[in-house]
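> the following block contains a protein sequence and its predicted model.
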Amino acid sequence: MQHFKAGARPSTRPNPDYFTGDVWFDPVMSTPAPARLNALVVRFDPGARTAWHTHPLGQTLYVLSGKGLICRRGEAPQVILPGDTVWFDQGEEHWHGAAPDVGMTHLAMQEADETGSAAVWLEKVTDADYRLDTQDPPERQD
């Protein structure tokens with residue numbers, strides 16, 4: 001058994017080659033083999049986002065706070081809000097991050113493949129691609 005007390009592990013910054021803007025990682029779990037789950041809380045400042053990427057075994061996001069955007073290659077960004085769950089299929093090119101004017105925090109869960117890789121990073125998201133939804137996308141009516 002491993003027990004990680006709250007606040008005992010430091011927040012870290014991700015590799016800036018794969019992110020735009022201010023982003024912080026808070027570890028949740030990296031399981032030892034043969035398990036392969038990796039989970040972390042990711043905090044995005046307004047306008048911050050990932051680069052385009054894929055996951056060899058898919059990825060689940062659970063939005064904890066704020067307002068974010070998700071985008072699948074070839075489509076317009078969509079708004080995500082607290083309580084939303086998003087599944088990206090294996091190999092699906094996508095990005096995610098905060099809205100332009102509001103930060104966003106999500107729990108990211110993905111499995112590593114047999115090589116230990118949980119993500120394949122591609123090019124950074126351009127401002128033009130990120131701003132596809134600047135027409136103030138509709139909020140959900142829960």
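Happy to help now that I have it.
> tell me the bridge partners for the most centrally placed residue in the chain.
Nearest to the geometric centre of the chain sits His96, at 5.2 Å (CA atoms, centre = their mean). On the basis of DSSP bridges, His96 is bridged to Ile70.
> pLDDT value on it, please?
Confidence at His96, expressed as pLDDT, is 98.
> likewise for Leu107?
98.
> wait, isn't it in contact with Leu64?
Yes. Using CB atoms under 8 Å, Leu107 makes contact with Leu64 at a distance of 6.1 Å. From N, CA and C alone the C-beta is placed, and that goes for glycine too.
> anything in contact with each of those two?
Val41 (CB atoms under 8 Å, 6 or more residues apart in numbering).
> what about the helices in this protein?
In the chain, the segments counted as helices under DSSP state H are 127-130.
> picking up where we left off before, correct me if wrong: the residue nearest to the centre of the chain contacts Thr50.
Yes. When contacts are counted by CB under 8 Å, His96 is listed as touching Thr50 (5.7 Å).
> contact partners of stretch 99-117?
28, 36-48, 55-69, 79-80, 96-98, 118-119, 130-131, 134.
> endpoints of that stretch, how far apart?
Stretch 99-117 has an end-to-end distance of 28 Å (CA to CA, to the nearest Å).
> now do the end-to-end distance for stretch 118-125.
The first and last residues of stretch 118-125 sit 19 Å apart, counting by CA to CA.
> tell me where the model's unsure across the protein.
Residue ranges of the chain with pLDDT under 70: 132-142.
> if we use 50, what do you get?
Where the chain drops to pLDDT under 50, the residues are 133-138.
> just the strands from it, written as ranges.
Remark: strands assigned in the chain by DSSP state E are 19-20, 23-30, 37-44, 49-50, 53-54, 59-66, 68-72, 78-80, 85-88, 94-98, 104-111, 120-121.
> what's the closest of those strands to Ala6?
When the strands of the chain are compared by CB to CB, strand 23-30 sits nearest Ala6, at 10.0 Å.
> got a list of contacts for the closest one?
Applying CB under 8 Å, 6+ apart, the external contacts of strand 23-30 come out as 4, 9, 11-14, 37-45, 48, 97, 107.
> swap in 10 Å and give it another go.
Outside strand 23-30, the residues within contact range by CB atoms under 10 Å, 6 or more residues apart in numbering are 2, 4, 7-16, 19, 35-45, 48-50, 97-98, 105, 107-109, 112, 118.
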